[in-house]
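Q: just the structure for this:
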Amino acid sequence: METRDLINDLNFFLKIGAHRNADIALHSLASSQDKEGSQLFVAFPFPKVLRSQLSHIMDLEDDLHITVLYAKDQIFTEKDRECAIAALEAVTRKYGPMKCKIQGIGMMGKDNSMVVNINIDRGAEFYVDLLREMEDRLGSINRAYDFIPHMTLRYKLPDPGVVMIEDLKKIQWTQNEVLINFSRQGKQKRMRLKG
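A: Model (predicted):
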């Protein structure tokens, strides 16, 4: 059953007060979103060899990454995913490996997540080209934010003073690949920057 049909069923059952049927429709909708994907996430993976340089920060996530594009609350069908992957592949052909350097610390979001802002050579161009390619192929994308590339280090940090920018500014690397993902549980597809 198509996602829009499931949403129509859910709305109908809620309107007439058929809560049991609404629960079934909601479960089917959640199931279809897992299969289709309910987010679009493009990021640069943070090199594992540099992780030790962040060891003074408690509770680091296992999969540190530099977020480039994040769209949520949107259904991505199999065809949409193929189009998004093709868009990313087109952009990776234009860009070769990029120099990256940590440039600052900031807070973002309602929960004041601590983020590290990353300076990426041609990063803004990469983002604009990626967004243009995605929207040319998919139409409008429900982006969560337009932001500079960043890496979230720790959620709900009690004391932002524990991280010293001097320690972080020494960290730099060359980024060789980018990844794309469509759901929290889904598989990532990695691509080399080939340009």
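Q: show me where pLDDT drops low in this protein?
A: For the chain, residues meeting the criterion pLDDT under 70 lie at 1-37, 56-59, 107-114, 147-148, 153-165, 184-186.
Q: let's see that with 90 instead.
A: Residue ranges of the chain with pLDDT under 90: 1-41, 45-78, 101-125, 139-172, 182-188, 195.
Q: how is it divided into domains?
A: Using automatic domain parsing, the domains assigned to the chain come out as 1-36, 37-192.
Q: which ones are touching the closest residue to Q172 other than its chain neighbours?
A: Spatially, and ignoring its direct neighbours in sequence, Q172 is nearest to K101 (4.1 Å; Cβ to Cβ, 6 or more residues apart in numbering). In this view, the C-beta of every residue, glycine as well, is placed from N, C-alpha and C. For K101, the contacting residues are I118, N119, K169, I171, Q172, by Cβ atoms under 8 Å, 6 or more residues apart in numbering.
Q: now these as JSON lines including neighbour count, distance to L179 and secondary structure?
A: Below are the contacts of K101 laid out as JSON lines (neighbours: other Cβ atoms under 10 Å; distance: Cβ to Cβ, whole Å; DSSP: H, G, I helix; E, B strand; the rest coil):
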{"residue": "I118", "neighbour count": "25", "distance to L179": "15", "secondary structure": "strand"}
{"residue": "N119", "neighbour count": "14", "distance to L179": "20", "secondary structure": "strand"}
{"residue": "K169", "neighbour count": "13", "distance to L179": "25", "secondary structure": "helix"}
{"residue": "I171", "neighbour count": "16", "distance to L179": "20", "secondary structure": "coil"}
{"residue": "Q172", "neighbour count": "12", "distance to L179": "20", "secondary structure": "strand"}
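Q: so which residues of this structure form helices?
A: For the chain, the helices defined by DSSP state H occupy 3-16, 19-36, 78-94, 123-138, 165-169.
Q: what's the burial count for the residue lying closest to E133 once chain neighbours are set aside?
A: Using Cβ to Cβ, 6+ apart and skipping residues adjacent in sequence, the residue nearest E133 is A87, 3.7 Å away. A87: 22 surrounding residues under other Cβ atoms under 10 Å.
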